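A.B. asks: below is the sequence, then the predicted model.
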Amino acid sequence: MASGEQEVASFEDSRHGPLRQLQGFLHSYPTAIPFIVLIIGILIFTVAAGTRFFAPFNLSLVLQQVTIIGVLGIAQTLVILTAGIDLSVGAIMILSSIVMGRLSVVAGVPVEISFVLGLLTGLACGLVNGLLVALVRLPPFIVTLGTWSIYGALIILISRSETIRSQDIAAIAPMLQWMGARVALGGGAILTAGSIVMILIACVVWYILNRTAFGRHIYATGDDPESARLAGINTKATLIGVYSLAGLICAIAGWVVIGRIGAASPLAGQNANLDAITAVVIGGTSLFGGRGSIIGTLIGALIVGVFRNGPALAGVDVLWQEFAVGGLIIVAVTIDQWIRKISA
């Protein structure tokens, strides 16, 4: 009898050993690792680059630089939580900005109407993605790879490969540049309207994911779609809603782009798509769906900004900046698979 009790105790100890406890902690708090990485990165570059890196102006500059990545990352997080991926978020963003700019400046449409039509463009693009994924049941990667090319062709068609200059937008549709408005915070720090809107969008989406039935359906669909369906969740409607909402957020990112560069360019944000996925993955959202958070994505976006701004101030070659970001992606995915393997 005593031997049996020892075996049970030994079994319990192995189940709740250090690795199990660490796995449980990381599973419950997926933002822990990216937060630690962010703090370590800030400390390293504060030492390497001196006081310039930790200056209020530079830290606010990092926030400005990652605003577009952050907004797109929020949209991408919603999709990845459903175990999908959207390769077209960058194209939707640019297409929406081109629609806003061309209609208001070239076609003479009132800026308020142009703005709404630009938002509807993003919503429609996301809806198309959602319908193909949910109803036609095509793989998200293939669907969004195809629509990425389609939306890219529409960008060239509508823009005629022409950039609408900042001066023209300022003269005719200054509302489109509002996201670039700056607020001085003191100490040299500057906060833009785009950064504030990014934080507001993050708060709204956080509330949706954590306080609404739709948010619970998103996590359930990504974790196990068949179990979610058997539990009474309309997984098709959830997927359509997720991709549509992501498209709308991408359209808002298009507005942020115009405010950031002052112009409506078909070449704007060419790397934003991959940067957004990078921020989501580094931020702890699982590529397999069902686990992740908006806060983690914002931290991931800041990590991308820190690991590009810090080395630049320290005089490190751009090559090594990209090397560091790429290494972080591999480490993040490795940790995610390690968590899943232990929890299996």
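C.D. replies: Cool, the structure landed. What you are looking at is a predicted structure, and each value in this text was computed from that prediction instead of being measured.
A.B. asks: three-state assignment of Ala184?
C.D. replies: Here Ala184 takes the strand state, with states given by DSSP: H, G, I helix; E, B strand; the rest coil.
A.B. asks: sorry, that was for Gly290
C.D. replies: Classification of Gly290 into helix, strand or coil gives coil, according to three-state DSSP.
A.B. asks: now swap in Ala83 and tell me
C.D. replies: Under three-state DSSP, Ala83 falls in the coil class.
A.B. asks: could you give the number of residues near the residue nearest to it when sequence neighbours are not counted?
C.D. replies: Using Cβ to Cβ, 6 or more residues apart in numbering and skipping the chain neighbours, the partner closest in space to Ala83 is Gly289 (2.7 Å). C-betas here are computed from N, CA, C, even on glycine. Close neighbours of Gly289, defined as other Cβ atoms under 10 Å, add up to 22.
A.B. asks: hmm, Val79 and Gly289 touching each other?
C.D. replies: No - with contact defined as Cβ atoms under 8 Å, Gly289 does not count as touching Val79 (9.4 Å).
A.B. asks: in this structure Gly262 contacts Ser166, no?
C.D. replies: Yes - Gly262 is in contact with Ser166 according to Cβ under 8 Å; the separation is 3.5 Å.
A.B. asks: anything in contact with each of these two?
C.D. replies: With contacts defined as Cβ atoms under 8 Å, 6 or more residues apart in numbering, the residues adjacent to both Gly262 and Ser166 are Gln177.
A.B. asks: okay, now Leu127: neighbour count?
C.D. replies: Burial measure for Leu127: 18 neighbouring residues, criterion other Cβ under 10 Å.
A.B. asks: make residue 1 into 601 and carry on from there
C.D. replies: I'll keep to 601 as the first residue from here, and by that count the last item is Leu727.
A.B. asks: so what's Leu678 up against?
C.D. replies: Counted by Cβ under 8 Å, 6+ apart, Leu678 has contacts 805, 818, 842, 845-846, 849.
A.B. asks: same question, Gly794
C.D. replies: Taking Cβ under 8 Å, 6+ apart as the contact definition, Gly794 lies against 664, 667-668, 671, 779-780, 856, 859-860.
A.B. asks: can you do 6 Å?
C.D. replies: For Gly794, the set of contacting residues under the criterion of Cβ atoms under 6 Å, 6 or more residues apart in numbering consists of 667, 779, 856, 859.
A.B. asks: now the third one. Nearest residue, chain neighbours left out?
C.D. replies: Going back to what we said before, that points to Val856. When the adjacent residues along the chain are set aside, Val856 lies closest to Gly794, with 4.3 Å between them (Cβ to Cβ, 6+ apart).
A.B. asks: nearest residue to Val706 in space, please, no chain neighbours.
C.D. replies: If the residues on either side of it in the chain are set aside, Val706 comes closest to Ile764, at 7.1 Å by Cβ to Cβ, 6+ apart.
A.B. asks: now the one you found: how far from Ile903?
C.D. replies: Taking Cβ to Cβ, to the nearest Å as the measure, Ile764 falls 33 Å from Ile903.
A.B. asks: following the chain past the strand or helix carrying Thr878, name the next helix or strand.
C.D. replies: Element membership of Thr878, judged by DSSP states H and E, is helix 872-882. Stepping forward along the backbone from helix 872-882, the first helix or strand reached (DSSP H and E) is helix 894-913.
A.B. asks: quick one: that next one to chain centroid distance?
C.D. replies: Relative to the centre of its chain, helix 894-913 is centred 12 Å away, using Cα atoms, centre = their mean, to the nearest Å.
A.B. asks: which SS class is Ser761?
C.D. replies: What three-state DSSP gives for Ser761 is coil.
A.B. asks: I figured Ala649 hits Ala914, correct?
C.D. replies: Yes - using Cβ atoms under 6 Å, Ala649 makes contact with Ala914 at a distance of 4.4 Å.
A.B. asks: so for these two, which residue has more residues nearby?
C.D. replies: Neighbours were tallied for Ala649 and for Ala914 using other Cβ under 10 Å; the higher tally belongs to Ala649 (20 against 17).
A.B. asks: nearest residue to that one other than its sequence neighbours?
C.D. replies: In space, Ala649 comes closest to Leu913 once its chain neighbours are excluded; the distance is 3.8 Å by Cβ to Cβ, 6+ apart.
A.B. asks: again with Ile644
C.D. replies: Setting aside the residues directly before and after it, Ile644 is nearest to Gly910 in space (Cβ to Cβ, 6+ apart), at 7.2 Å.
A.B. asks: what about that neighbour, how many residues nearby?
C.D. replies: For Gly910, the tally of surrounding residues (other Cβ under 10 Å) stands at 23.
A.B. asks: make sure it is actually in contact with Phe645.
C.D. replies: Yes - applying Cβ under 6 Å as the test, Gly910 and Phe645 come out as touching, 2.9 Å apart.
A.B. asks: in helices only, show me the contacts of Gly794.
C.D. replies: Using DSSP state H, the members of those that fall in helices are 667, 856, 859.
A.B. asks: wait, what's in contact with the second one?
C.D. replies: Taking Cβ under 6 Å, 6+ apart as the contact definition, Val856 lies against 668, 671, 779, 794.
A.B. asks: what's the average pLDDT for whichever strand or helix holds Val804?
C.D. replies: Following DSSP H and E, one finds Val804 within helix 793-811. The average pLDDT for helix 793-811 rounds to 96.
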